[in-house]
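Colleague: Next one to model:
(2 chains)
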Number of protein chains: 2
Amino acid sequence: MTGVRIAGVGLTHFGKHPERTGRDLFAEASEHAFADSDVSHDDIEALYYGNFMGELAEHQGHQGPLMAEAAGVRAPATRYESACASSGVAIRQAVKDVRNGEADAILVGGAERMNNLGTAGTTEALAIAADDLYEVRAGITFPGAYALMARAYFEKYGGSKEDLAHIAVKNHEHALPNEHAQFQKEISVEQALDAPMIAEPLGLFDACPITDGASAAVLVSDEYAEEHGLDAPVSITGTGQGGDRMALQGRKHLARSPAAEEAAEEAYAEAGIDASDVDVAEVHDCFTIAEVLALEALDFYAPGEGIGAARRGETTRDGERPVNLSGGLKAKGHPVGATGTSQLVEMTRILRGDHPNSDAVPDAKTGVAHNAGGTVASATVHVLEVQE
Amino acid sequence: MTGVRIAGVGLTHFGKHPERTGRDLFAEASEHAFADSDVSHDDIEALYYGNFMGELAEHQGHQGPLMAEAAGVRAPATRYESACASSGVAIRQAVKDVRNGEADAILVGGAERMNNLGTAGTTEALAIAADDLYEVRAGITFPGAYALMARAYFEKYGGSKEDLAHIAVKNHEHALPNEHAQFQKEISVEQALDAPMIAEPLGLFDACPITDGASAAVLVSDEYAEEHGLDAPVSITGTGQGGDRMALQGRKHLARSPAAEEAAEEAYAEAGIDASDVDVAEVHDCFTIAEVLALEALDFYAPGEGIGAARRGETTRDGERPVNLSGGLKAKGHPVGATGTSQLVEMTRILRGDHPNSDAVPDAKTGVAHNAGGTVASATVHVLEVQE
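Modeller: Numbers count the residues shown, from 1 in each chain, chains lettered A, B, ... in the order given. The predicted model follows:
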């Protein structure tokens, strides 16, 4: 086995680009990743690409070859779909293939076009990530599903709408200097609490927005990096994936996310670390309660303890372990298929020291990225470490 | 690296099951694969699953965790989508992970539900495998695209509608004893030639049908097979994947399939064989002309020579290298996401000697399975060999 280096990363602006196609967005993100990497397009041996709802939003499946073309890459391309963890699973496979010598250089990434469907259309399209027979036909959508999880959490462990508001406020604050973020706008706890209710107890500011965008990263082997004299200080040292029953009705409890726990356990074991070694994290906060579940799945907090982390200031940029310095899905935005790779992009920059929020963690050596699909029926966790 | 054994295989009947869901179909196929394998559900470390158009046919994305549940497997699950090569790419990743020691036992498979959309609805849904901007909006559907390829082939190399008819007749004949086949019905060259035209020069019998069905296989490492005393004589000794420009307009020529050529070259190199070593093949004959392109991509014939193979009797069950003994997509049926694994299932049985057509190749030791997506913008090839 060889080590896996992140040679270059790229993003589009996350936001409303209803006039741009998925291929246009991915072409831009991958161009940035190549420019950042000093890796030649010709050296790429595969594209692993995440997309969730292109069939519905663009009448476009089979996006692998399409996106290879958009990226200017002449290599076999595979599309991964695991709902909101679509590019998380793509990254995982790239990591496995590079470390096992199957390829020396792989392009990973994802894109999603959502705004062209409108809010109601997007909500309906997103529902394909839930169980159509047992959840969607019963009338549930994702805000409702995460509201049930929040209620179960409050019931079991305590916590309040105000605790959740502090997560939204934190992530909006983190996004302020992030030029890729959909919202570079401060909000207050009062604003979050006063916002229109979506699904009790979740209000408008507890939910991530509808976002168009793309992300890309070039992964190479240690040998390739050395041979080409690349400046690629960050490695992926652990990958984990977990799965759970699809529908909430099949879960043991709604207030935890065992799929992410399993993913974290596997990724930490591979990297030879535990939670206490992690300096900084990007987690999947599609709703504020999801950040709480993530903090606990990553073993940063015992069950029931994560809810107060933002309120206590522990996960803010001035806290001991900042979470979602990018702004998270909440404020940076959530173009579904792009999100997993986007977290990798942000974490790479944070650890390299060239992220606008790198100054919050100047000594950070170890970061994690946590990506979840559906109501965490699937999850991936990746450990990133700065190599000395 | 370790070897990769096919421990067990399973299929549903291929045909019209408009009242059965995708999960119901996959549950049945995987149950057969487990029963055939002597591998415990608990030993499965991952599910790699292919599905193409579940978003449109069942309003269901995120099928990985859903299908793990249907199969009774508690393991991380990933859905692969590469149009008609969806489970081909899933198999490829499973092969890589098993041979590299990432997992000892992986369930692969696929399912597709199509008939519930009707013929026009299915044709429209299938079009998402083509380039929406540059092909679909110009009015082309897959019968039209393959008709262009057939015309280009005839123009460049010669050949006739009658040559194609012989392929349909052969594959229908092969399907006669296959209880899983959608059509167990003999047809004549005259019937094929007299059938309604779909897209000149392709008539009704040049096209595969619309099919519901599922397929599954359990792949294990040599060590696992030995340790558990499994009777698993067939190994996957080579995997290859190729990619091409998505839209026909971007191709160098329409009368060849370079993505499949690349896939074959890679798979043969891994297995240490060449085309002359291959005793029997399952190829992706979504249209009769596609079988011709496959025969040439697999280097069984030089460009321009494949068109007459069936007519000359070389690829029939009595020929020197029978092709599509299962009946192929043409007569066995083509539930898109299930097809790649289905070819693996059929080839395993052919080589093990327990296929109804095994008697056609009693001494066969080496087989290949060729799976293609779209107009061969993506392709996989796998080499299967009987271990002594």
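
Colleague: can we go C-alpha only for contacts and neighbour counts from here?
Modeller: OK.

Colleague: Bridge partners for the residue in the stretch 201-350 of chain A that chain B sits nearest to, pull those for me.
Modeller: Nearest residue of the stretch 201-350 of chain A to chain B: A:Gly243, at 4.4 Å (CA to the nearest CA). On the basis of DSSP bridges, A:Gly243 is bridged to A:Ser378.

Colleague: neighbours of it, just the number please.
Modeller: Neighbour count of A:Gly243, defined by other CA atoms under 10 Å in any protein chain shown: 30.

Colleague: What of A:Gln182?
Modeller: Residues near A:Gln182, counting by other CA under 10 Å, number 26.

Colleague: Correct me if wrong: it contacts A:Leu329.
Modeller: No. In this structure, A:Gln182 is not within contact of A:Leu329 by CA atoms under 8 Å, at 9.4 Å.

Colleague: need the helix or strand of chain A with the lowest average pLDDT.
Modeller: Within chain A, no helix or strand scores below helix A:118-126, which has a mean of 92 by mean pLDDT, DSSP states H and E.

Colleague: residues making contact with that helix?
Modeller: Applying CA atoms under 8 Å, 6 or more residues apart in numbering or on different chains, the contact partners of helix A:118-126 are A:53, A:56, A:114-115, A:141-142, A:210.

Colleague: if we look at chain B, which of the residues you listed are close to it?
Modeller: With CA under 8 Å from any CA of the partner chain as the criterion, the contacts of helix A:118-126 include A:53, A:56 near chain B.

Colleague: who wins for most neighbours among the contacts of helix A:118-126?
Modeller: Taking other CA under 10 Å as the neighbour criterion, A:Met114 ranks highest of the contacts of helix A:118-126 with 30 neighbours.

Colleague: wait, what's in contact with that one?
Modeller: A:18, A:57, A:122, A:210-212, A:335.

Colleague: hmm, back to that, gap between the residue of the stretch 201-350 of chain A closest to chain B and B:Val73?
Modeller: Per CA to CA, to the nearest Å, A:Gly243 is found 10 Å from B:Val73.

Colleague: and whichever residue of the stretch 251-388 of chain A sits closest to chain B, how far is that from A:Glu346?
Modeller: With CA to the nearest CA as the measure, A:Ala377 is the residue of the stretch 251-388 of chain A nearest to chain B, at 6.3 Å. Per CA to CA, A:Ala377 is found 24 Å from A:Glu346.

Colleague: now A:Arg321
Modeller: 16 Å.

Colleague: With A:Val376 instead?
Modeller: Distance, A:Val376 to A:Glu346, using CA to CA: 22 Å.

Colleague: Surely the residue of the stretch 251-388 of chain A closest to chain B is in contact with A:Gly250?
Modeller: No. At 10.3 Å, A:Ala377 does not count as touching A:Gly250 under the criterion of CA under 8 Å.

Colleague: more crowded one of the two?
Modeller: With neighbours defined as other CA under 10 Å, A:Ala377 and A:Gly250 compare such that A:Ala377 has more, 30 against 11.

Colleague: More neighbours: which of A:Arg321 and A:Glu346?
Modeller: Taking neighbours as other CA under 10 Å, A:Arg321 and A:Glu346 compare with A:Glu346 leading, 28 against 22.

Colleague: Could I get the full set of helices for the stretch 251-388 of chain A?
Modeller: Taking DSSP state H, counting those that start in this stretch as the test, the helices found in the stretch 251-388 of chain A are A:258-271, A:288-297, A:328-332, A:336-352.

Colleague: Please dump these into TSV; it should also carry distance to A:Gly367 and mean pLDDT for every row.
Modeller: Converted to TSV, the helices of the stretch 251-388 of chain A look like this (distance: least, CA to CA, whole Å; pLDDT from 0 to 100):
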stretch	distance to A:Gly367	mean pLDDT
helix A:258-271	11	98
helix A:288-297	13	98
helix A:328-332	14	98
helix A:336-352	7	98
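
Colleague: Quickly compare those helices and say which is most buried.
Modeller: helix A:328-332 (a mean of 31; mean count of other CA atoms under 10 Å in any protein chain shown).

Colleague: List the residues that contact A:Arg137.
Modeller: With the criterion set at CA under 8 Å, 6+ apart, A:Arg137 makes contact with nothing.

Colleague: What is the burial count for the nearest residue to A:His284 once chain neighbours are set aside?
Modeller: Distances taken as CA to CA, 6 or more residues apart in numbering or on different chains place A:Asn371 nearest to A:His284, at 5.2 Å, with adjacent residues excluded. Other residues within reach of A:Asn371, judged by other CA under 10 Å, total 31.

Colleague: And A:Asp299, by the same measure?
Modeller: Neighbours of A:Asp299 under the rule other CA under 10 Å: 17.
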